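Trainee: predicted model, plus sequence, below.
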Amino acid sequence: MNAAIAFLVSMLGQTLYILLLLGAALALLIGSMLLVDSQRVLRWNEYLNRWISTGQSSRVLDQSRDLKRIVYRRHRLAGLVLLAVALYALDVLVFNFQTRALVHHFRDLANPATLQLFVEGARLFLIVGNALAVLAGIILVLRPSLFKGLEGWTDREYAARLSEQVLNAPRYQPDEWVRAHPWVAGVLAAVGGLFVLLSLGVGLLLW
């Protein structure tokens, strides 16, 4: 388990490093182009700057789907599956999960004591959640009708339509600012990209 966590952390770290490197190189290139030929960059921006609305996909996601009949029709099978998964997760979290290895891999992101407290808190939260899942699995197997009262309180529909009206509105203020101040935007992008590239390069050499 520890080897799998170490491998996953290593892969995520390398992927994040490559993405930061590519983003910084792109920022340096665009910033330099803004200083040399801003009109060309603005034409690229006009070609690429197309509005993609999430309204259609959110309407599909907002449709309510009733799974109670499926669960109650096969409540013993659903309860046994939930029980098995929760017991396995509890076994891993209680007996096989070492927070020290995870804290060691992320030691550069925050204070080790704070990171240890955060990881331990997440681990305890997952343990409590899986313990409740074990109880829910037992109830599903033996007496699923006990969930009727809880369902009446929790079975509510939450739609994203109200927040969608705010989040789904286009905002062109950054484009207009870059169009009005191409030289300033180019300097900021080039200096920021160069700083990140140098920082990543120095970190790689030291590592």
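Mentor: Looks like it came in fine.
Trainee: going by C-alpha atoms from here, please, whenever you check contacts or count neighbours.
Mentor: Will do.
Trainee: isn't residue 42 right up against residue 181?
Mentor: No: with contacts counted by C-alpha atoms under 8 Å, residue 42 stays clear of residue 181, the gap being 11.5 Å.
Trainee: list the residues that contact both of the two?
Mentor: Taking C-alpha atoms under 8 Å, 6 or more residues apart in numbering as the contact rule, residue 42 and residue 181 touch no residue in common.
Trainee: more neighbours, those two?
Mentor: residue 42 (17 against 13; other C-alpha atoms under 10 Å).
Trainee: contacting residues around the more buried one?
Mentor: residue 179.
Trainee: tell me which element the closest residue in space to residue 146 that isn't next to it in sequence falls in.
Mentor: With C-alpha to C-alpha, 6 or more residues apart in numbering as the criterion, residue 146 has its nearest non-adjacent residue at 7.3 Å, and that residue is residue 139. In this assignment (DSSP states H and E), residue 139 forms part of helix 112-142.
Trainee: mind listing what's buried along that helix?
Mentor: 115-116, 119-120, 123, 126-127, 130-131, 133-134, 136-141 (16 or more other C-alpha atoms under 10 Å).
Trainee: packing partners for that helix?
Mentor: With contacts defined as 3 or more C-alpha pairs under 8 Å, 6 or more residues apart in numbering; DSSP states H and E, the packing partners of helix 112-142 are helix 75-91, helix 99-105.
Trainee: let's have these in CSV, adding distance to residue 197 and mean neighbour count.
Mentor: Shown next, in CSV, are these (distance: least, C-alpha to C-alpha, whole Å; neighbours: other C-alpha atoms under 10 Å):
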stretch, distance to residue 197, mean neighbour count
helix 75-91, 41, 18
helix 99-105, 22, 16
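Trainee: of those, which shows the lowest average pLDDT?
Mentor: Here the lowest mean pLDDT among the helices and strands packed on helix 112-142 goes to helix 99-105, at a mean of 69.
Trainee: ok, back up a step: nearest to residue 201, out of the helices and strands packed on helix 112-142?
Mentor: Among the helices and strands packed on helix 112-142, the nearest to residue 201 by C-alpha to C-alpha is helix 99-105 (19.7 Å).
Trainee: how about the contacts made by the residue lying closest to residue 86 once chain neighbours are set aside?
Mentor: Nearest in space to residue 86, with sequence neighbours left out and distances taken as C-alpha to C-alpha, 6+ apart, is residue 130 at 5.1 Å. When contacts are counted by C-alpha under 8 Å, 6+ apart, residue 130 touches 86-87, 89-90.
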